[in-house]
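Chemist: all I have is the shape, not the residue letters:
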């Protein structure tokens, strides 16, 4: 479960978001992660917003035989400001331990419009486009976005190594079965270019448009699935 392979690494920083009703101040969620149909990890996440700031922590712990080799959980943290248009990341990082050579980090300087990326023993500074999210904050930015009547959108996201541009088609009222019951969802499907991975996300309107299922199929690689097994919110 390398950082670049973690399923939550998928997707979207929403451009020009429309706002909806107030999002919850706290979210606690758990997901099962499968690789090519095999249960490989349990992911637990917390979101907390207070005093104009937010913090998200995501930890993925290997299960089964994989747990013998990956003893430390894969931990991602995103923190930043809570604004009128949702989440504005200031800092993002991910690693299995302090000594993890695969550690990634992103620091957002919105005033200077620059993004500093640290990975693989190197540091890069690149221009910071408006509305950029990190690979963790983007999943909670959905709570602040209005999808009514939308058919597609474009987005920008960083995983701590680079910036990626995504294009998604939107389908409303798609019903799926989940461990929490049958749900009507908003279904996001990535519009792929050459070499792009296939990505799909299902958001639950009744759960503040948080993701309840995600699938990524890497180009000529494995297929990852992430399915919600627990999701609690507090106003």
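Modeler: Perfect, I can see it now. In this text, all values refer to a predicted model and were calculated from it rather than measured experimentally.
Chemist: only C-alpha atoms from now on, for both contacts and neighbour counts.
Modeler: Noted.
Chemist: for stretch 190-200, which outside residues touch it?
Modeler: Outside of stretch 190-200, the residues within contact range by C-alpha atoms under 8 Å, 6 or more residues apart in numbering are 10-11, 166-169, 187-189, 214-219.
Chemist: just the mean pLDDT for it, thanks.
Modeler: Mean pLDDT, stretch 190-200: 84.
Chemist: for the chain, longest strand please?
Modeler: strand 163-178 (DSSP state E).
Chemist: and it, which strands flank it?
Modeler: Using DSSP bridges, strand 163-178 pairs in its sheet with strand 152-158 (antiparallel), strand 181-190 (antiparallel).
Chemist: between those, which gets nearest to residue 227?
Modeler: Smallest distance to residue 227 across the strands paired with strand 163-178 (C-alpha to C-alpha): 11.8 Å, for strand 181-190.
Chemist: which parts of that closest one are buried?
Modeler: 183-190 (16 or more other C-alpha atoms under 10 Å).
Chemist: immediately after it, which helix or strand?
Modeler: strand 198-204 (DSSP states H and E).
Chemist: any idea how far that following strand is from the chain center?
Modeler: 11 Å (C-alpha atoms, centre = their mean, to the nearest Å).
Chemist: in that strand, what counts as buried?
Modeler: Those would be 198-204, for strand 198-204 by 16+ other C-alpha under 10 Å.
Chemist: on that earlier part again, from the buried residues of strand 181-190, which single one is nearest residue 52?
Modeler: So of the buried residues of strand 181-190, ranked by how close each gets to residue 52 (C-alpha to C-alpha), first place is residue 186, at 28.0 Å.
Chemist: identify the residue nearest the closest one in space, chain neighbours excluded?
Modeler: residue 172 (4.6 Å; C-alpha to C-alpha, 6 or more residues apart in numbering).
Chemist: buried sites along the worst-scoring helix or strand of the chain on mean pLDDT?
Modeler: Sorting the helices and strands of the chain by mean pLDDT, DSSP states H and E puts strand 152-158 at the bottom, at a mean of 89. The neighbour-count check on strand 152-158 (16+ other C-alpha under 10 Å) flags 153-158 as buried.
Chemist: distance to residue 233 for those - can I get that in JSON lines?
Modeler: Listed next are the buried residues of strand 152-158 as JSON lines, based on distance: C-alpha to C-alpha, whole Å:
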{"residue": "153", "distance to residue 233": "27"}
{"residue": "154", "distance to residue 233": "28"}
{"residue": "155", "distance to residue 233": "26"}
{"residue": "156", "distance to residue 233": "27"}
{"residue": "157", "distance to residue 233": "25"}
{"residue": "158", "distance to residue 233": "26"}
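Chemist: from the residues you listed, which is closest to residue 65?
Modeler: Among those, and counting by C-alpha to C-alpha, the member closest to residue 65 is residue 158, at 30.8 Å.
Chemist: chain center to the least confident helix or strand of the chain: distance?
Modeler: That offset, for strand 152-158, works out to 12 Å (C-alpha atoms, centre = their mean).
Chemist: same thing with stretch 80-92?
Modeler: Distance, centroid of stretch 80-92 to centroid of chain: 14 Å (C-alpha atoms, centre = their mean).
Chemist: now do it, average pLDDT.
Modeler: The model assigns stretch 80-92 a mean pLDDT of 96.
Chemist: just the endpoints, please. Distance across it?
Modeler: 9 Å (C-alpha to C-alpha, to the nearest Å).
Chemist: among the strands paired with strand 163-178, which is nearest residue 60?
Modeler: With C-alpha to C-alpha as the yardstick, what comes closest out of the strands paired with strand 163-178 is strand 152-158 (19.2 Å).
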